[in-house]
Every structure is written in C-alpha cells, then in structure tokens.
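Chemist: Okay, here's the prediction I keep looking at, along with the sequence it came from:
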Amino acid sequence: MEFDGWRLLVAGATGVIGGEVAGAAAARGARVAVAGRDRARLDVVARRVGAVRQEVFDAYDLERCGELAAGAAQALGGLDAVLVTFGAVAFGRAREVPLAVQEHLMAVNASAPMAVLEGALGVLSPPGAIGALTGVIVDRPVPGTAAYRASKAALAAWLDSVRAEHRRHGLTVLDARLPHLDTGFAGRSLTGTPPPLPPGAEMGPWVAAVLDGLRHGAAVVHPDRRHGDPVSAPAGPNPADRAEGAP
C-alpha cells in the first residue's frame, strides 16, 4: 500500500472529519495514533481504525497539546506526520459574539492547534509533515462569521510562516481549506445561527486530498474555482530567500 510504514497522528480524531482521515490513512497502510477530548468516543475510533496509540487532551491545556506528538512518536517508533482536525464554530456579526466566545474560538482554533504542531516540530522524522484544517472561510469573508474567520485566519497565517521557516528542511506544512461538508459542525455553533450554506461536498474526495497533500508535500488543499473539486497547491518560493538573494 502507498502509505505502508507511514506514521500519522490525528489530533481531533473523535470529530467526523478526523475520524474519517484516521480510518482512510489506516486503510491505505499507515500506522495511526489518535487524540481527542472524549475518552469514550476516542476508544470507539481507536478500535475502528486499529490505532497504535490513543491520547486524551483538552484544547485549553496547551502544555498537554504540546506533548501529543512526543507520545505518539514513542508508541509508533517515530512520527512522520501530524494533522490537526479539531475546532469550534460560532456565528454572529461583530459585537454580537460575546467576548468569552471569541476567546474560546481563538483558543480552540488557533492556540491549541499551534501548540500541537509546535510540539511535533521537535519529534518528526525528517522531512516530516504537519497540517491543519482551516477552511474556505479563510479566503471568503461571509457576514456573520467575523470572529470565527479571524480564528481560522490566525491559524492559516501561522502555517504560512512556519512553512517559510522550514522550507529549506523539506518540512511539509499543509493548510487544508475545505469547503462546507455535511458533518453537523455548523449545527454545533457555540452561539448564533449559521448563514445560508451550500450543499455539503462529498467527504471521501476531501479526506483523500488531505492525506495525499500531507504525504506528497502540498502547501494548500482547496476547492477548484470552477467545479469545486479538491486541488493541491505546492509550496512556492520563499520570499525571505528572494530577499536574501538566494536562488
């Protein structure tokens, strides 16, 4: 199988997308570790995908988030990739979303993923890969999503900077800008009502695109403008390199 021997940690595997990614990776031959907040649901996912290790964590415990990759690497005998798939959502125009909810969005959608992936940087086997789900919301300002979009854009900006910092080392840094999928995520909003949403895209092709992008060095996975199908963009030249006169 294409992914034979590839060692992957999915942080957020108790979610719909995370569980599908973990299962698809295992089906393609990867050895998988899974992490999530709910122990009972994590047990179910771990059994279903044959996970080598499972780890419980809370997004508000940044120190614990930073330890996940090391635990997975120890269990798997090394680690090739880490993907963050967890998040939270809230809707409302500026000044409508309570400050406490805005703080929660930044913690769960930006600070916690960054902590998980920062922890991975020190333990990945070279060249390694890290990635996270941000969403098309990063590129498409929609009324009623200001706080949510800001939290996802913060994570996207962090991924972009880390990609530039580690490009010379061959590290893959994937920003998965998925479209709306029928996962029930919008219905679990912390506050507010979602704006009108398009029909959910089919899950399978997007799960495959994320795995392929993480495995083969993509920088961004996003919908094709014409048909909405998954497409991958490779990492471009490093602006810092150009500024320094490097080739």
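Modeler: Looks like it came in fine. Residues are numbered from 1 along each chain as shown.

Chemist: With P199 as the reference, measure out to the closest residue to A11 other than its chain neighbours.
Modeler: Distances taken as C-beta to C-beta, 6 or more residues apart in numbering put A35 closest to A11, at 4.5 Å, once the chain neighbours are dropped. Every C-beta, even on glycine, is put in place using the N, C-alpha and C of the backbone. A35 is 31 Å from P199, where distance means C-beta to C-beta, to the nearest Å.

Chemist: Looking at those two, which has the bigger crowd around it?
Modeler: A35 (32 against 8; other C-beta atoms under 10 Å).

Chemist: doesn't that one fall inside a strand?
Modeler: Yes: counting by DSSP: H, G, I helix; E, B strand; the rest coil, A35 is located in a strand.

Chemist: who's in contact with the helix or strand hosting R149?
Modeler: R149 belongs to helix 146-166 when assigned by DSSP states H and E. Identification of contacts with helix 146-166 by C-beta atoms under 8 Å, 6 or more residues apart in numbering yields 87, 89-94, 97, 101-102, 105-106, 108-110, 113-114, 117, 121, 130-132, 134-135, 137-138, 141-142, 171, 173-175, 177, 219, 235, 238-240.

Chemist: Next, count neighbours for D160.
Modeler: Neighbour tally, D160, other C-beta under 10 Å: 15.

Chemist: Also A94?
Modeler: Counted with other C-beta under 10 Å, A94 comes out at 11.

Chemist: do the one 5 residues further on as well
Modeler: The tally of other residues near L99 (other C-beta under 10 Å) stands at 9.

Chemist: Good, we can wrap up now.
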